[in-house]
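>>> Sequence below, structure please.
(one chain, ligands or ions: 2)
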Amino acid sequence: MTDLPAITIAGASGRMGRMLTATVLAAPDRARLVAVLERPGHPWVGQDLGTVTGGAPLGLTVTDDPLEALAQSQALLDFTSPAATVELSALAAQARAVHVIGTTGLEPHHLAKISAAARHAVVVRAGNMSLGVNLLVRLTQKVAQALDADWDIEIVEAHHRMKVDAPSGTALMLGEAAAEGRGAPLSDLRTPAREGITGARKHGTIGFSAIRGGDVVGEHDVIFAADGERIVLRHLATDRSIFARGALKAALWGQGKKPGEYDMMDVLGL
Ligand SMILES: NC(=O)c1ccc[n+]([C@@H]2O[C@H](COP(=O)([O-])OP(=O)(O)OC[C@H]3O[C@@H](n4cnc5c(N)ncnc54)[C@H](O)[C@@H]3O)[C@@H](O)[C@H]2O)c1
Ligand SMILES: O=C(O)C1=N[C@H](C(=O)O)CCC1
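Ligands and ions are numbered 1, 2, ... in the order given. Below you'll find the predicted structure:
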């Protein structure tokens, strides 16, 4: 079993880190969990992963040393923060480990550094790693392509109260797909959140709205609104395991691929 891909998980104590850990540990026939990372100063660093999560010791000590972790890994599952992801992308590239990036809120300067790292190693990045959302992205593109600009497009998303970025990575994926269907870049069509006397809606634009509250895992509506009728495409996430399963699939898919940037469409063959 030692030839199974060795996996490091970053952000082990986070909402996604915990789910990723459970997902990889539940797949001993497909992957080996060899290291779990947390940020320097985090109370879990130096402790056994099993013990800190209230279970039996797992013999896996949480580390804040990505170099040591990546030296023994073929893949890194990274759902952390933009700053951490950029730092980890350079180290994953050095180690030639497949870097699976779920982190959202990445800005152009972060993306440029990730692209540089992807010259040396495989990077799979998606704002949403679930099968359902990636199918919804394709549907959104097709519906936007089929309808003219008299159909107003609005993307509405809801997430838990702890989410720090808006619009969500998923909403941006959906917006990009809708813009592609319309044959224009999202940057030309995007209308950010509205407030005050905004004036009437500008024809052909794509609007974004974000709701934050409670423990909502993730909900996305793509609304196509015309005179007299509306189409609503909806995805509801009720369990973070959908993202973790996608991330593990991406890590396994990326083994042996040529260095470069990939997304979940590539992994899922959509
Ligand atoms: N792409 C997807 O399918 C998907 C799904 C869910 C969440 N996300 C994204 O994943 C990210 C994390 O979400 P979350 O809800 O788990 O957040 P979270 O705040 O619960 O977890 C983030 C974790 O990363 C850790 N971290 C920060 N810097 C680090 C470093 N340098 N090294 C190691 N660990 C570090 C934090 O201490 C924390 O434990 C967000 O950007 C979120 O939007 C993406
Ligand atoms: O909980 C989060 O944070 C999520 N982030 C992703 C996004 O920004 O779209 C995916 C859904 C959950």
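
>>> Return the backbone torsion pair for the residue lying farthest from the centre of the chain.
For the chain, the largest distance from the centre (CA atoms, centre = their mean) belongs to residue 228, which lies 35.8 Å off. Here is the backbone geometry of residue 228 (degrees, to the nearest 10): phi 90, psi -10.

>>> For ligand 1, see how far away it is.
Residue 228 is 36 Å from ligand 1, where distance means CB to the nearest ligand atom, to the nearest Å. C-betas here are computed from N, CA, C, even on glycine.

>>> now do residue 224
24 Å.

>>> can you give me the strands in the stretch 51-200 of the chain?
Listed in chain order, the strands of the stretch 51-200 of the chain (DSSP state E, counting those that start in this stretch) span 62-63, 75-78, 98-101, 122-125, 152-159, 190-191.

>>> Relative to ligand 2, which of these is closest?
Ligand 2 sits nearest to strand 152-159 of all these, at 5.4 Å, using CB to the nearest ligand atom.

>>> The closest one close to ligand 2?
Yes. Strand 152-159 lies within reach of ligand 2 by CB under 6 Å from any ligand atom, at residue 159.

>>> just to revisit the earlier point, need the strands of the stretch 51-200 of the chain in CSV (columns: mean neighbour count and mean pLDDT).
As requested, the strands of the stretch 51-200 of the chain are arranged in CSV below (neighbours: other CB atoms under 10 Å; pLDDT from 0 to 100):
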stretch, mean neighbour count, mean pLDDT
strand 62-63, 21, 98
strand 75-78, 30, 98
strand 98-101, 30, 98
strand 122-125, 26, 98
strand 152-159, 22, 98
strand 190-191, 17, 96
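
>>> since we're on residue 166, how many residues are nearby?
For residue 166, the neighbour count with other CB atoms under 10 Å is 18.

>>> Surely it touches residue 209?
No. If you go by CB atoms under 8 Å, residue 166 and residue 209 don't touch, sitting 9.2 Å apart.

>>> Overlap in contacts, those two.
Common neighbours of residue 166 and residue 209, counting by CB atoms under 8 Å, 6 or more residues apart in numbering, are 157, 193.

>>> looking at the strands of the stretch 51-200 of the chain, which is closest to residue 17?
Of all the strands of the stretch 51-200 of the chain, strand 75-78 sits nearest to residue 17, with 8.5 Å by CB to CB.

>>> Which helix in this structure has the most residues?
helix 131-146 (DSSP state H).

>>> which other helices and strands contact it?
On a contact count with 3 or more CB pairs under 8 Å, 6 or more residues apart in numbering; DSSP states H and E, helix 131-146 meets helix 169-182, strand 218-226, strand 229-237, helix 241-253, helix 264-268.

>>> change it to 6 Å
Using 3 or more CB pairs under 6 Å, 6 or more residues apart in numbering; DSSP states H and E as the contact test, the elements touching helix 131-146 are helix 169-182, strand 229-237.

>>> Could you figure out how far that helix is turned away from strand 229-237?
Orientation check (axes from the mean of the first three to the mean of the last three CA atoms, to 10 degrees): helix 131-146 against strand 229-237 gives 160 degrees.

>>> Since that was my last question, I'll sign off now.
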